[in-house]
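S.K.: need a structure here:
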Amino acid sequence: MNAHFTTDLSPTSNSTISAPVTLIDHPLVQHKLSLMRSKDASTSTFRTLLNELSMLMAYEVTRDMTMQTVEIETPLETMQAKVIDGKKLVFVSILRAGNGILEGMLSVVPSARVGHVGLYRDAATLEAVEYYFKMPQDMQERDIIVVDPMLATGNSAIAAIDRLKKLNPKSIKFVCLLTCPEGISALQAAHPDVPIFTAAIDRQLNDHGYILPGLGDAGDRIFGTR
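M.R.: Below you'll find the predicted structure:
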């Protein structure tokens, strides 16, 4: 069962109605996330668990995808059957860590298109700086699911969604493994119309903009870097 929150969770929340925050608390999701959090999880183990967890989250995130009816033939007769148009869906990965979630999502919807936003966090200001942006054509006809393992300060997510909204897509969702009240507050303040899907809402940020208790730097753990 998933928990849904319709307002900002931070102490600084205001009366503005925001899109819901969905906490995906399925036991398998929570189990795999707990294994990933351990500092003893190897790069290979972390990557495998992230792939599996992303597939599980994809089922909830795509629950309201538009379907159409087509005619097919079973071994016994012709029938009207429901199918999705995966080509209308775009997974947008915030580089580089977003690619860790992207692989699992594509396993569930392999026909989806893929976009990339390259952002790095300025060490002094914690602000997001863009260095790459590549999207499919005709974005105004598509639904976007933005993926990034962490929603911490919210700066990268906000910057990515700022750029994506200029393309006038049909809809935007944001998916992360972990977030915190500060990240939710920042993203909802900037983009109250964008639903957030997450596997955990952790306690807080530290002075360096990392989530506590968190799982460390997701990018470094995915790719075995420091």
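S.K.: quick one: low-confidence ranges for this protein?
M.R.: For the chain, the stretches with pLDDT under 70 are 1-16.
S.K.: where along it do the strands fall?
M.R.: For the chain, strands defined by DSSP state E occupy the ranges 3-5, 21-23, 67-73, 78-84, 89-95, 113-121, 128-134, 143-147, 150-151, 171-179, 196-201, 204-205, 211-212.
S.K.: and the fourth one, what does it pack onto?
M.R.: Yep, that's strand 78-84 we're talking about. If contacts are counted by 3 or more C-beta pairs under 8 Å, 6 or more residues apart in numbering; DSSP states H and E, strand 78-84 sits against strand 67-73. For every residue, glycine as well, the C-beta is placed using N, CA and C.
S.K.: Could you give me the buried positions within stretch 84-103?
M.R.: Under the neighbour-count criterion of 16 or more other C-beta atoms under 10 Å, stretch 84-103 has 88-102 buried.
S.K.: Only C-alpha atoms, please: export that stretch in PDB.
M.R.: Extracted C-alpha coordinates of stretch 84-103, given in PDB (Å, rounded to 0.1, in the frame of the first residue of the first chain):
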ATOM      1  CA  ILE A  84      -0.300   1.400 -23.900                       C
ATOM      2  CA  ASP A  85       1.400   3.700 -26.300                       C
ATOM      3  CA  GLY A  86       4.900   3.600 -24.800                       C
ATOM      4  CA  LYS A  87       6.200   5.900 -27.500                       C
ATOM      5  CA  LYS A  88       4.300   8.800 -25.900                       C
ATOM      6  CA  LEU A  89       6.200   8.300 -22.700                       C
ATOM      7  CA  VAL A  90       9.600   9.900 -22.100                       C
ATOM      8  CA  PHE A  91      11.900   9.000 -19.200                       C
ATOM      9  CA  VAL A  92      14.200  11.900 -18.600                       C
ATOM     10  CA  SER A  93      17.400  11.100 -16.700                       C
ATOM     11  CA  ILE A  94      19.200  13.700 -14.600                       C
ATOM     12  CA  LEU A  95      22.800  12.800 -15.300                       C
ATOM     13  CA  ARG A  96      24.600  11.000 -14.200                       C
ATOM     14  CA  ALA A  97      22.900   9.200 -11.300                       C
ATOM     15  CA  GLY A  98      19.500   9.200 -13.000                       C
ATOM     16  CA  ASN A  99      20.800   6.500 -15.400                       C
ATOM     17  CA  GLY A 100      20.800   4.100 -12.500                       C
ATOM     18  CA  ILE A 101      17.000   4.300 -12.300                       C
ATOM     19  CA  LEU A 102      16.500   4.700 -16.100                       C
ATOM     20  CA  GLU A 103      17.600   1.100 -16.900                       C
END
